[in-house]
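Enquirer: Build the 3D model from these lines:
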Amino acid sequence: MTFRPAADTTRQASLAAAGAALVATLLGATTASAVEPPAGANFDIWYYTTNEQAERGRLFSATDLSGFVNRARCQCNHAISTRVLLKRATTSYDPNVRVQSFVGSRCDIGQVGNNAQVTPCLRILSAAPNAYTKAINFEFPPVWLAGGVVPSGSQDLGDATPAGTCEGGQGDAGVWICIENGMQPDCQADEFQVMGTQNKNGTADAMAQAIHYDFEPPQTLPTGFSIDSGDGAVIIEWDQISTGDVSGFRVLCADENGAPLPGKGIDPPSLSSINRGTIYFTQQNLCPDGPFMVSEEGVDTSDTTDGDTTDGDTTSGDTTSGDITSGSSTDGGTSGSSGGDSGTSGTGSSTGSSTGASDLPSDGIASLDWDYICSGHSSGTSQEARVSGLTNGQQYQFLVVAYDLAGNPIAASDVLTATPRETIDLWEQCEIAGDICGSGGFCNCTEAPDPGHAAWWLLAPLGAIASRRRRR
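Expert: Model prediction:
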């Protein structure tokens, strides 16, 4: 039997204890570094169109971000489908961190509650980070972009009452995300790391582009409207406006009793069509049977994909196949350039109700029903529009409608009346006046009219008018 010295035994025990302590320290350090809070840049956000049943459609394009949300879509509860995904990290996210997501404008101010003019935003989900790594999916009506929730009630999706309306205001809004640091309860202004502008829609520039909502029709309108009758047609003219947000004009027409004309009007565009500022929308046109369905399922967290799908394709949403261009008017009247893709920045504040499509009559040309449209789109810089295909000798009503890039309309003119008539040229006028122009007509000009005939001089202005009409 061999005996070890007591000193050796003690030394080995000390070494073993030191090794165990080192291993524990290393394991503790590894465990501590394996969990961390997410950052705002780790979140991917997508917006999509929906149909009447709030079912997801195509991906929003950059054009949609700028001009899709108008007053009519808000009044019809035309929901926006949204997907939020927290990308997985190489290490685990701290399960003790609270992540809250919201929809609205100025959520950092509204959530703190120290500004009476800004209400809290609609809360989508409050959960640990891992809930977002499976992706959350939800739909919300556009009214939540313009205003927050009534502070005295619930703030959560499905239970909250909106503090705003669809009657006025414009601005920029979207998904906001607060990542709490645990220093104070609930979200503080400096804890918001996603602030409404972050998304995967459109182009790379859209990373800093929120959803622009606009519930107000144009405020600066043209004046000096006049109407001139022609052969089976009319031309309406007006003074050009130098400023304002008018994207285009359409002419509406009706018979003398106020009924739509056969063969006129346009077919309703698809709900998911890209709006390029060439058509207007009203609640009656967009949802004549009443507001659309709003999903009551709240937030769906069943999506377990990792986000690397074609849903986030930045080019798939901006195609020409779904564009709203000319509105498919059967008349094919004058046309102008479309509104483009850019939008203006807003403050998110509401300016109250404005005139236009808020209290339209249910029928007649003043209802702005699409059945009355009888011209193509004319650009916002136009000064005239022509309507053809009319019957001579019949009286008609006409109304010029102006609209902005988002498609909010307003009646720009009063109801005008005109009666197309067959064109009578100068020689026919001469014959009616007693053949005062001579017998030359168009074929033989050898016989000049009598310069002394007083009626000849009276017909000179008619020649100028006829010439002007022919040029048109």
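Enquirer: Tell me who's in contact with the closest residue to residue 45 other than its chain neighbours.
Expert: Spatial nearest neighbour of residue 45, excluding adjacent residues (C-beta to C-beta, 6 or more residues apart in numbering): residue 199 at 4.5 Å. Placement of C-beta: from N, CA and C, glycine included. The neighbours of residue 199, taking C-beta atoms under 8 Å, 6 or more residues apart in numbering as the test, are 45-47, 60, 65, 174-175, 206-207, 209.
Enquirer: Now, of those residues, which are buried?
Expert: 45-47, 60, 65, 174-175, 206, 209 (16 or more other C-beta atoms under 10 Å).
Enquirer: Do a quick rundown of the helices in the stretch 1-150 of the chain.
Expert: For the stretch 1-150 of the chain, the helices defined by DSSP state H, counting those that start in this stretch cover 6-33, 62-67, 71-75, 107-112, 130-133, 143-146.
Enquirer: need the buried ones among the contacts of residue 199 in JSON lines with pLDDT, can you?
Expert: Output for those, formatted as JSON lines (pLDDT from 0 to 100):
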{"residue": "45", "pLDDT": "96"}
{"residue": "46", "pLDDT": "97"}
{"residue": "47", "pLDDT": "97"}
{"residue": "60", "pLDDT": "96"}
{"residue": "65", "pLDDT": "95"}
{"residue": "174", "pLDDT": "97"}
{"residue": "175", "pLDDT": "98"}
{"residue": "206", "pLDDT": "47"}
{"residue": "209", "pLDDT": "91"}
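Enquirer: Doesn't residue 386 belong to a strand?
Expert: Yes. Counting by DSSP: H, G, I helix; E, B strand; the rest coil, residue 386 is located in a strand.
Enquirer: these two touch, right, it and residue 229?
Expert: No. In terms of C-beta atoms under 8 Å, residue 386 does not count as a neighbour of residue 229; the distance is 11.6 Å.
Enquirer: domains of this protein?
Expert: According to automatic domain parsing, the chain comprises the domains 37-214, 426-471.
Enquirer: Measure how buried residue 219 is and give me the count.
Expert: Here the neighbour count serves as a burial measure; for residue 219 (other C-beta atoms under 10 Å) it reads 15.
Enquirer: With residue 214 instead?
Expert: Here the count is done by other C-beta under 10 Å, and residue 214 has 26 residues near it.
Enquirer: doesn't residue 277 make contact with it?
Expert: No. Counting by C-beta under 8 Å, residue 214 does not reach residue 277; the two are 11.0 Å apart.
Enquirer: Next, show the common contact partners of the two.
Expert: Common contacts of residue 214 and residue 277 (C-beta under 8 Å, 6+ apart): 67, 404-406.
Enquirer: Among those residues, which ones are in helices?
Expert: Judged by DSSP state H, helices contain the following of the shared contacts of residue 214 and residue 277: residue 67.
Enquirer: which stretches of the stretch 251-400 of the chain form strands?
Expert: With DSSP state E, counting those that start in this stretch as the definition, the stretch 251-400 of the chain shows strands at residue ranges 274-275, 323-324, 378-379, 384-387, 396-403.
Enquirer: between the ones you listed, which gets the lowest average pLDDT?
Expert: With a mean of 58, strand 323-324 has the lowest mean pLDDT of the strands of the stretch 251-400 of the chain.
Enquirer: In contact with residue 281, which residues?
Expert: 70-73, 407-409.
Enquirer: which of these lies closest to residue 117?
Expert: In terms of C-beta to C-beta, no member of the contacts of residue 281 lies closer to residue 117 than residue 71, at 21.8 Å.
Enquirer: Would you check that the closest one makes contact with residue 170?
Expert: No. In this structure, residue 71 sits apart from residue 170 without contact. The criterion is C-beta under 8 Å, and the distance is 9.8 Å.
Enquirer: In this structure, what helix or strand scores lowest on average pLDDT?
Expert: Within the chain, confidence by mean pLDDT, DSSP states H and E is lowest for helix 454-471 among all helices and strands, at a mean of 47.
Enquirer: where does this structure dip in pLDDT?
Expert: Within the chain, the set of residues satisfying pLDDT under 70 comprises 1-33, 202-207, 295-297, 302-358, 425-434, 438-472.
Enquirer: please redo it, this time with the cut-off set to 90
Expert: Within the chain, the stretches falling below the threshold (pLDDT under 90) are 1-35, 88-92, 112-117, 147, 168, 182-186, 202-208, 240-244, 293-363, 423-472.
Enquirer: Beta-bridge partners for residue 45, please?
Expert: When bridges are taken as DSSP bridges, the partners of residue 45 come out as residue 84.
Enquirer: when you give positions from now on, start the count at 191
Expert: New numbering, starting at 191: the last item is residue 235.
Enquirer: For it, give me its contacts.
Expert: Applying C-beta under 8 Å, 6+ apart to residue 235 gives the contacts 272-275, 364-365, 384, 388-390.
Enquirer: neighbours of residue 452, just the number please.
Expert: The burial count assigned to residue 452 is 8, neighbours taken as other C-beta under 10 Å.
Enquirer: Next: residue 305.
Expert: Neighbour tally, residue 305, other C-beta under 10 Å: 10.
Enquirer: on that earlier part again, could I get the strands of the stretch 441-590 of the chain as a markdown table with distance to residue 608 and mean neighbour count?
Expert: Converted to a markdown table, the strands of the stretch 441-590 of the chain look like this (distance: least, C-beta to C-beta, whole Å; neighbours: other C-beta atoms under 10 Å):
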| stretch | distance to residue 608 | mean neighbour count |
| --- | --- | --- |
| strand 464-465 | 31 | 26 |
| strand 513-514 | 29 | 18 |
| strand 568-569 | 18 | 20 |
| strand 574-577 | 9 | 22 |
| strand 586-593 | 6 | 24 |
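Enquirer: Output those in JSON lines; the columns should cover distance to residue 290.
Expert: Putting the strands of the stretch 441-590 of the chain into JSON lines (distance: least, C-beta to C-beta, whole Å) gives the following:
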{"stretch": "strand 464-465", "distance to residue 290": "32"}
{"stretch": "strand 513-514", "distance to residue 290": "37"}
{"stretch": "strand 568-569", "distance to residue 290": "45"}
{"stretch": "strand 574-577", "distance to residue 290": "51"}
{"stretch": "strand 586-593", "distance to residue 290": "38"}
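Enquirer: mind checking how far the residue lying closest to residue 294 once chain neighbours are set aside is from residue 578?
Expert: In space, residue 294 comes closest to residue 311 once its chain neighbours are excluded; the distance is 3.2 Å by C-beta to C-beta, 6+ apart. For residue 311, the distance to residue 578 under the criterion C-beta to C-beta, to the nearest Å works out to 51 Å.
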